[in-house]
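Colleague: Build me a structure from this.
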Amino acid sequence: MKKCLLLSMIGFSFLGFSQITINSTHVPQTDDTLRVSDAVIDNNMDFISTGADYTWDFSNLEFNGQKLNEYQPVTSAGLYIQFVFGSAVPQNYRASYYVATNGLPLNNLPAQLPITISDISQFYKLRTDSLTMVGLKLSVNGQEIPAKSDTIETKYKFPLEYGNTHFSRGYTKLDLNPIYDGIWIQHRTRQTDVDGWGQITTPLGSFEALRIHHRITESDSFYVSFNGFAFWVPIPVPESHEYEWRAVEEKEPILLVKTSVTQGSETVTSVEYKNDYVVGIKENEMISVSIYPNPVQDLMVIQSPTKFDDFSIFSTDGKLILNGKLANGAQQMVDVSSLKSGSYMIQLNSISGVSMKNFVK
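Modeller: Predicted structure coming up:
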């Protein structure tokens with residue numbers, strides 16, 4: 001009888017979820033190109049609840065577009081950038097890769113300033129025990145410059161296991177001289193807590209996952225010289241939170257919810273989740289776009305008032321053939337010289353939505 005009871009208890013234990021461990025092999029690696037989907041923001045979603053052996057159901061996420069995250073090696077950046085983050089610099093600053101980001105307060109500088117800041121990328125160093133944020137690169141009036149972090153912020157301490165907690169600070173100073181007489185200073189703190197484990201369900205399926213909560217505070221300022229006057233301008237940055245669910249099967253979070261705190265209340269600012277390639281999604285018919293020449297031989301030109309972020313090319317049976325990012329220039333082009341002769345569909349993604357066009361090679 002006792003033996004039967006013991007076997008029954010063992011069998012029942014296998015029906016539950018198991019705790020997992022996330023290490024440095026379960027996050028993006030150099031040269032990875034990973035696709036994530038954006039979801040329609042639902043401020044009623046329960047992203048707070050968590051705990052041990054927990055079940056999260058986000059199967060009703062509504063698709064709102066896809067994007068590519070390209071984790072590019074430092075050798076693909078310009079020589080000036082490599083002098084700051086390449087193989088010849090001190091070990092702590094030898095970045096493993098960089099990836100584009102649009103979540104920095106630099107995007108919120110006063111519109112009156114005679115400078116244009118674009119193409120911001122974050123540099124990371126991946127070790128077996130940590131993933132650190134060593135600095136940035138950005139274009140100022142079209143000129144690419146680096147910004148090394150004097151105090152290096154740690155995003156993850158590996159291994160990530162339930163109950164782990166970590167605190168980190170970051171400090172970055174960017175001097176825009178001689179392009180412009182201006183200085184940007186960023187102070188950040190990151191409190192990271194692994195506060196849950198269990199099973200999460202999204203449109204991609206069900207996964208055993210760890211839940212990781214980051215609380216980020218930031219205090220930024222900008223020194224500006226304008227019409228003969230020089231002064232420091234504070235850049236208001238609200239407290240933000242990142243809630244992510246990570247599984248060993250995927251290098252991007254199964255789900256990532258970002259929020260901003262206003263008057264003590266959290267508001268969801270973005271929802272991203274891992275998903276399959278999506279073909280035949282609803283097209284934004286308000287986007288005006290044309291492609292030429294069609295048929296095309298080597299270079300396809302995209303003509304549209306909308307600037308697209310990336311593209312995916314599919315065969316007539318829905319198989320992904322080619323994808324990549326689009327340069328944010330006056331004219332966007334896609335190199336299709338590698339395609340075989342035949343009929344294809346190109347999917348163009350932007351913050352305004354998705355546009356799709358058929359073409360022949």
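Colleague: use CA for all of it now, contacts and neighbours both
Modeller: Will do.
Colleague: can you list the domains in this structure?
Modeller: 24-273, 290-360 (automatic domain parsing).
Colleague: Present those domains as CSV; the columns should include distance to S18 and mean pLDDT.
Modeller: Output for those, formatted as CSV (distance: least, Cα to Cα, whole Å; pLDDT from 0 to 100):
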stretch, distance to S18, mean pLDDT
domain 24-273, 7, 91
domain 290-360, 34, 85
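Colleague: what's the most buried one of those domains?
Modeller: Each of these was scored by mean neighbour count; the highest is domain 24-273, a mean of 18, by mean count of other Cα atoms under 10 Å.
Colleague: Three-state assignment for Q199, please.
Modeller: Under DSSP: H, G, I helix; E, B strand; the rest coil, the three-state class of Q199 is strand.
Colleague: In contact with it: list those residues for me.
Modeller: Applying Cα atoms under 8 Å, 6 or more residues apart in numbering to Q199 gives the contacts 17, 53-56, 206-209.
Colleague: switch the cut-off to 7 Å
Modeller: By Cα atoms under 7 Å, 6 or more residues apart in numbering, Q199 lies in contact with 17, 54-56, 206-209.
Colleague: now F167
Modeller: The contact partners of F167, by Cα under 7 Å, 6+ apart, come to 190-192.
Colleague: State the distance from it to Q66.
Modeller: Counting by Cα to Cα, to the nearest Å, the gap from F167 to Q66 is 32 Å.
Colleague: With S206 instead?
Modeller: Counting by Cα to Cα, the gap from S206 to Q66 is 20 Å.
Colleague: can you check S24 too?
Modeller: Where Q66 is concerned, S24 sits at a distance of 25 Å (Cα to Cα).
Colleague: just how off-centre is stretch 81-98 within its chain?
Modeller: Per Cα atoms, centre = their mean, to the nearest Å, the displacement of stretch 81-98 from the mean C-alpha position of its chain is 21 Å.
Colleague: For D220, name its beta-bridge partners.
Modeller: Beta-bridge pairing for D220 (DSSP bridges): Q186, I235.
Colleague: ditto for the one 5 residues further on
Modeller: Note on S225: beta-bridge partners A230, judged by DSSP bridges.
Colleague: got a list of what it touches?
Modeller: By Cα under 7 Å, 6+ apart, the contact set of S225 is 181-182, 231.
Colleague: which residues sit in contact with the nearest residue to S343 once chain neighbours are set aside?
Modeller: Of all residues not flanking S343 in the chain, V360 sits nearest, at 4.5 Å (Cα to Cα, 6 or more residues apart in numbering). Going by Cα under 7 Å, 6+ apart, V360 touches 294-296, 342-344.
Colleague: and the gap between V360 and F123?
Modeller: V360 is 39 Å from F123, by Cα to Cα.
Colleague: before we move on, what about G51?
Modeller: Taking Cα to Cα, one finds G51 at 32 Å from F123.
Colleague: swap in K258?
Modeller: Counting by Cα to Cα - K258 and F123 are separated by 20 Å.
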